[in-house]
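Asks: Here's a sequence, model it:
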Amino acid sequence: MNKIVKLLLSVFFFTLYKILDVFQYLFRSARSIKNQEKFLSNNFAPVHNEFFRQGLLIAEGRIPSDLNGELVRNGPNPRKVALGGYHWFDGDGMLHGVRIKDGSVSYVNRYIKTDRFEPLHFSAGVGEMWGIFAILKVILTIFAEKFGLHKDFKDQTGSANTALVFHAKKFFALVESHKPTLVKILEDGELETIGVYSYNGNLKHNFTAHPKIDANTGEMMTFGYKFIGGAFLTYSVISKEGEVVRTFPIPLKRPVMMHDMAITANYSIFFDFPIVFDRKGLIQNKPAVSFDKEYGSRIGILPRHAPDASTIRWFTVDTCYMFHSVNAWEEDDVVVISGCRSHTFEASFLGGGWIDPKLSPEDNVYKAHLYEWRINLKTGGVEEQQILANLFVEFPAVNPSLVGARNQFCYLPYSTNSNGLESGFEGVLKFDLFSRKVVGTIKYPRSGQSGEAVFVPRENAKTEDDGYLLTFVYYEQSDSSQFVVMDAKTMSNKFLTAVDLPQRVPFGFHGLWVSEQDLASQQ
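Replies: Numbers count the residues shown, from 1 in each chain. Predicted coordinates for the structure are as follows:
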C-alpha cells in the first residue's frame, strides 16, 4: 500500500470514527454528561503547560540530607475529550517529577509520548465504552488494524497513564490495557519517552499497572488481562536481570477487570472479583463492564514458580471489589492478605452514567475500607474482616523492601465523608497491622487534598517506619499545589519540607521514588 492510499484510508477511518462519536454523544444521558464533568473540573481538570523549573524555593522546612533522587507521579491529563464520553482513566499520561539533589529542588511535567500523539490515531476510552456505539468503535478500530493503519494492538502503548515501576535498571510507565512504556529520567530530572517495551518480544500480554517486586530475589511478578479472545488472564515472572522466565495463561470463568495482585515469599495472588465484561449490556445501552454479584468473588493462590496454572487454588470470599492490595505474607499454613476493599462498585463510575437498577442506592457506590483475609492452605478455611471502619481509604503504601513479607505499618490516604477518588483525600494515616489500630494521622493544612503518598526509607533506617512520605498537596482556595515531605515515623502534622510548585498538579494515580543510585544505573 503506497503512502497516499494509506493516508486517504487513514483519513476515511478517522472520519468514520468521529461520526460515530457524534452519534454516541447524541444518545448520551444528562447523568452521563454530569458524571464526566466531575473528572474535568476542579483539580481533576488538565493542565496545559509543560514546565521544567530548577532551583525552586522551599516554602517550609528543609530537604532531608539523605533524600536524593526523583519523585515521579503518573496520572491522566487529556489533550482532547471524546464526544462519546470521558472518564478519569482515559486521559493522556502525564508525569510530574520533583528532582532533589543536595538540597536543590527542580520540577518537571511531561506528557508520555505514546501512540495517541499520532495525528490520526483513534481508540475508544473507558468513558466511551457503553452502548452499541462502543461496539461499532471497536469494530472500526479492528478494521483499521487489519488495513495496517494502526499498529497491531499488541504493539501499542496505550495512554501509559496509571503507574510506574523501576526494575532491572529500567523505568516504565504503565497502564493495564497495554505493554509498558520505557521512560528515561535524565540526570537533571528531565523526563524522556523512549517507547513501548516488550522484553525483546517475549512479553505476549498486557501488563498490569501493579507488578510486584520481591526485594530479596529481585524478581518481578506481573500479569495481564483482556476482555476478548484467548486467555482472559496471563501470568509472567521477570528475572532480576529483566528477562521473561515464565509465562502462561490462568483460566477464568469470565473476563474481569483485575487491577492489582499480591505476592508472598512463595506465592502469587490473584483477585477474581466481579467487575465483569458484559457484551449483552452494551447492546442494552449499558457500560461494557458491570458489578455482577452473582459472579461472586474468589482469591487465587499460585506457587510463584509453578510451570503452569494447574496448581492454582481458588478460595471463595464474600462478594466485593478491590482496586489495590496493601500487602500479603505467610504465617505457617496461612496466607494473610490486606487491601482496600469495597462491598460493591458503582457502575456509573466506569461509563455511561448508568445506575444498576438491581442494586440499592447504598450498593451503587464504591467506598473502600481496610480489610483482611486469612486463608488457610492446609484446611481451606477463610477468615475475613474489615479492620478499619468509619474512614474511606485508598492508594495504600508500605515500605517497598517488605512487599510480600510480614510488615507492621501501612500508609493510607483517607477521607471522612466521600470515597476520595472523586474529591481527593484530606490526609494520610498510619495503620498498625499487628495491633489493628491507627497510630498516626496527618491532616493537610488549609483544607488541602492529595492522592497517594509514597514511602521512602531513610538511609540506614533502623526500623520499618523510619522514612518519609512524599506527595503533592492541592489547595483549592489558591488553586495551587505543593510538593511535601512528611515524617513517616512520627506522623507529625508539621511538614518536614513544603515546596511551592509553578502550577497545580491535578489529582492522578500512582507515584514512585527513584533513588540517586537507580537514576545513575538506568539503561
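Asks: Just say helix, strand or coil for residue 143.
Replies: At residue 143 the chain is in helix, as set by DSSP: H, G, I helix; E, B strand; the rest coil.
Asks: what pLDDT does it get?
Replies: With respect to pLDDT, residue 143 has a value of 85.
Asks: nearest residue to it other than its sequence neighbours?
Replies: residue 13 (7.2 Å; C-beta to C-beta, 6 or more residues apart in numbering). Every residue, glycine included, has its C-beta placed from N, CA and C.
Asks: Output stretch 46-66 in PDB with nothing but the alpha carbons.
Replies: C-alpha atoms of stretch 46-66 as PDB (Å, rounded to 0.1, in the frame of the first residue of the first chain):
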ATOM      1  CA  PRO A  46      -5.900  19.000  33.000                       C
ATOM      2  CA  VAL A  47      -3.100  21.500  33.000                       C
ATOM      3  CA  HIS A  48      -2.000  22.900  29.600                       C
ATOM      4  CA  ASN A  49       1.600  23.800  30.200                       C
ATOM      5  CA  GLU A  50       4.700  21.600  30.400                       C
ATOM      6  CA  PHE A  51       7.400  23.100  32.700                       C
ATOM      7  CA  PHE A  52      11.000  22.400  33.600                       C
ATOM      8  CA  ARG A  53      12.000  24.700  36.500                       C
ATOM      9  CA  GLN A  54      15.100  24.400  38.600                       C
ATOM     10  CA  GLY A  55      16.100  26.000  41.900                       C
ATOM     11  CA  LEU A  56      12.600  26.100  43.400                       C
ATOM     12  CA  LEU A  57      12.200  27.900  46.700                       C
ATOM     13  CA  ILE A  58      11.500  25.900  49.800                       C
ATOM     14  CA  ALA A  59       8.400  27.400  51.500                       C
ATOM     15  CA  GLU A  60       8.600  25.500  54.700                       C
ATOM     16  CA  GLY A  61      11.300  23.400  56.500                       C
ATOM     17  CA  ARG A  62      14.300  21.900  54.700                       C
ATOM     18  CA  ILE A  63      15.100  19.000  52.400                       C
ATOM     19  CA  PRO A  64      16.400  16.000  54.500                       C
ATOM     20  CA  SER A  65      20.100  15.500  53.700                       C
ATOM     21  CA  ASP A  66      19.600  11.800  52.800                       C
END
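Asks: From the rest of the structure, what touches it?
Replies: Taking contacts as C-beta atoms under 8 Å, 6 or more residues apart in numbering, the residues outside stretch 46-66 that touch it are 40, 76-79, 91, 94, 100, 103-111, 188-190, 458-459, 468, 482, 485, 494-506.
Asks: roughly how far is that stretch from the heart of the chain?
Replies: Mean-position distance between stretch 46-66 and its chain equals 24 Å (C-alpha atoms, centre = their mean, to the nearest Å).
Asks: in the sheet, who's paired with residue 342?
Replies: residue 321 (DSSP bridges).
Asks: List the residues that contact it.
Replies: 320, 321, 322, 366, 367, 368, 369.
Asks: sorry, back to before: doesn't residue 142 make contact with the residue nearest to residue 143?
Replies: No - under the criterion of C-beta atoms under 8 Å, residue 13 makes no contact with residue 142, lying 10.8 Å away.
Asks: neighbour-wise, which of those two wins?
Replies: residue 13 (19 against 12; other C-beta atoms under 10 Å).
Asks: any idea whether that one is helix, strand or coil?
Replies: Following three-state DSSP, the label given to residue 13 is helix.
Asks: confidence score at it?
Replies: What the model reports as pLDDT for residue 13 is 90.
Asks: Residue 119 too?
Replies: 81.
Asks: From residue 400, how far out is it?
Replies: Applying C-beta to C-beta, to the nearest Å, the value for residue 119 to residue 400 is 40 Å.
Asks: So for these two, which residue has more residues nearby?
Replies: Counted by other C-beta under 10 Å, residue 119 and residue 400 do not tie: residue 400 has more neighbours, with 15 against 7.
Asks: Against residue 394, how distant is that one?
Replies: 18 Å.
Asks: same question, residue 371
Replies: As judged by C-beta to C-beta, residue 371 and residue 394 stand 12 Å apart.
Asks: Repeat that for residue 251.
Replies: Counting by C-beta to C-beta, the gap from residue 251 to residue 394 is 30 Å.
Asks: Check residue 188 too.
Replies: For residue 188, the distance to residue 394 equals 33 Å [C-beta to C-beta].
Asks: Neighbour count: the two, which is higher?
Replies: residue 394 (23 against 12).
Asks: which residues sit in contact with the more buried one?
Replies: For residue 394, counting by C-beta under 8 Å, 6+ apart, the contacting residues are 323, 324, 340, 368, 412, 413, 419, 420, 421, 425.
Asks: Let's verify the residue nearest to the fourth one when sequence neighbours are not counted: helix, strand, or coil?
Replies: Distances taken as C-beta to C-beta, 6+ apart place residue 340 nearest to residue 368, at 4.0 Å, with adjacent residues excluded. Under three-state DSSP, residue 340 falls in the strand class.
Asks: Check the gap between residue 49 and residue 482 for me.
Replies: From residue 49 across to residue 482, the span is 18 Å (C-beta to C-beta).
Asks: actually residue 375, sorry about that
Replies: 42 Å.
Asks: what's the answer for residue 277, then?
Replies: For residue 277, the distance to residue 482 equals 41 Å [C-beta to C-beta].
Asks: Then residue 197?
Replies: Distance, residue 197 to residue 482, using C-beta to C-beta: 33 Å.
Asks: With residue 243 instead?
Replies: 41 Å.
Asks: Looking at these two, which has the bigger crowd around it?
Replies: residue 482 (25 against 12).
Asks: Which secondary structure elements does the helix or strand containing that one sit against?
Replies: Assigned by DSSP states H and E, residue 482 belongs to strand 480-487. The contact analysis (3 or more C-beta pairs under 8 Å, 6 or more residues apart in numbering; DSSP states H and E) places strand 480-487 against strand 467-475, strand 497-500.
Asks: Quick check: mean pLDDT of that strand?
Replies: Mean predicted confidence for strand 480-487 is 98.
Asks: Begin at 171 from now on, thanks
Replies: From this message on, residue numbering opens at 171, which makes the last subject strand 650-657.
Asks: Does residue 633 belong to a helix, a strand or coil?
Replies: Under three-state DSSP, residue 633 falls in the coil class.
Asks: Quick check on it: phi, psi?
Replies: phi -130, psi 160 (degrees, to the nearest 10).
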